[in-house]
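Visitor: Structure of the sequence below:
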Amino acid sequence: MTDPIHRTFLITGVSSGLGRAFALGALEAGHTVAGTVRRPEDGAAFEALAPGRAHARLLDVTDGDAVVEVVRDAEESVGAIDVLIANAGYGLEGVFEETPLADLRAQFEVNVFGTAATVQAVLPYMRARRRGHVLAVSSMGGLASFPGVSAYCASKYAVEGLLEAVGKEVAGFGIHVTAIEPGSFRTDWSGRSMVRAPRSLPDYDELFEPIRAARRSASGRQLGDPAKAAAAVLSVLELPDPPAHLVLGSDALRLVRAGRAAVEEDLTAWEELSRSTDFPDGAQIAAGVPSHRAG
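Guide: Next up is the predicted model:
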């Protein structure tokens with residue numbers, strides 16, 4: 001019987017929610033975790049979980065220079081990072097027309113640019129070693145959009161596009177990339193952790209107020225078990241060909257499939273119009289290959 005593989009993780013946002021669950025799962029499996037938090041007291045609580053294997057680092061993922069420094073420090077003082085889970089993020093609830101652009105930008109700063117900065121900081125080390133696994137927490141809302149969380153869904157769609165392209169860029173270096181798409185899990189995401197845009201337009205009351213009320217009433221009673229999400233994520237690390245997309249939760253499966261089916265219906269219904277825009281003598285270009293070269 002072979003000994004289990006010991007890995008060093010970097011997980012952002014381990015003070016609560018799925019980030020905490022991922023870190024706990026990794027620590028209970030005997031791995032080492034460098035986990036980022038926003039407050040010193042959260043760091044002390046995290047390190048107490050597994051002294052010597054749980055290493056807290058203070059970090060605001062919107063500070064790109066700090067992200068680079070934390071990754072460098074983790075590599076030097078904790079160990080070569082085998083697994084990154086870019087988890088730090090939050091939800092912004094609100095009808096799009098009522099959502100201030102400043103709130104939308106803040107959502108992207110954390111969910112998109114914070115994720116991008118962390119992935120970009122880790123890649124040079126993994127590329128040099130020709131191995132590693134990059135995972136980032138997206139959402140079922142990154143593959144299917146829902147009213148009332150337009151800014152959040154937009155940020156997670158951006159994360160999906162980023163990870164899918166990066167995965168194709170680094171596959172030749174032995175680096176795997178996985179987007180994690182959770183459904184509704186029993187965390188504080190829809191409770192105290194959620195930012196809610198103020199209401200101002202009565203026209204949206206009929207649509208949105210039942211959505212907001214349902215989300216609040218479901219908080220703490222969601223279907224998904226964070227510990228089981230952690231176990232699922234740990235299980236794909238053992239695979240030679242892990243998924244590019246890992247949907248977690250039966251609700252996420254149902255809603256993502258419905259969203260993807262709606263896109264497929266449009267592709268089929270409007271196929272003739274789509275094809276009508278081609279030049280008759282145009283070349284068929286492979287994805288990612290320029291259609292012409294300068295000079």
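
Visitor: Please state the offset of the helix or strand containing Val122 from the chain centre?
Guide: Secondary structure from DSSP states H and E places Val122 in helix 115-129. Its chain's C-alpha centre and that of helix 115-129 lie 15 Å apart, by C-alpha atoms, centre = their mean, to the nearest Å.

Visitor: helices or strands up against the very next helix or strand once past it?
Guide: Downstream of helix 115-129, the next assigned helix or strand under DSSP H and E is strand 132-137. Packed against strand 132-137 by the contact rule (3 or more C-beta pairs under 8 Å, 6 or more residues apart in numbering; DSSP states H and E) you find strand 83-86, helix 115-129, helix 150-170, strand 175-182. C-beta: built from backbone N, CA, C; applies to glycine.

Visitor: what residue ranges in the chain score low on pLDDT?
Guide: Segments of the chain classed as low confidence (criterion: pLDDT under 70) are 1-3, 189-192, 218, 220, 286-295.

Visitor: surely Val112 meets Glu160?
Guide: No - counting by C-beta atoms under 8 Å, Val112 stays clear of Glu160, with 10.4 Å between them.

Visitor: which residues touch the spatially most central residue of the chain?
Guide: By C-alpha atoms, centre = their mean, the chain has its centre lying nearest to Val137, at 2.1 Å. Contacts here follow C-beta atoms under 8 Å, 6 or more residues apart in numbering; on that basis Val137 touches 18-19, 85-87, 89, 180, 182.

Visitor: give me the beta-bridge partners of it?
Guide: With DSSP bridges as the criterion, the beta-bridge partners of Val137 are Ile180.

Visitor: The helix holding Val122: which residues count as buried?
Guide: The neighbour-count criterion (16 or more other C-beta atoms under 10 Å) identifies 115-119, 121-123, 125-126 as the buried residues of helix 115-129.

Visitor: what about the strands in the stretch 151-295 of the chain?
Guide: In the stretch 151-295 of the chain, the strands defined using DSSP state E, counting those that start in this stretch lie at 175-182, 195-196, 245-248.
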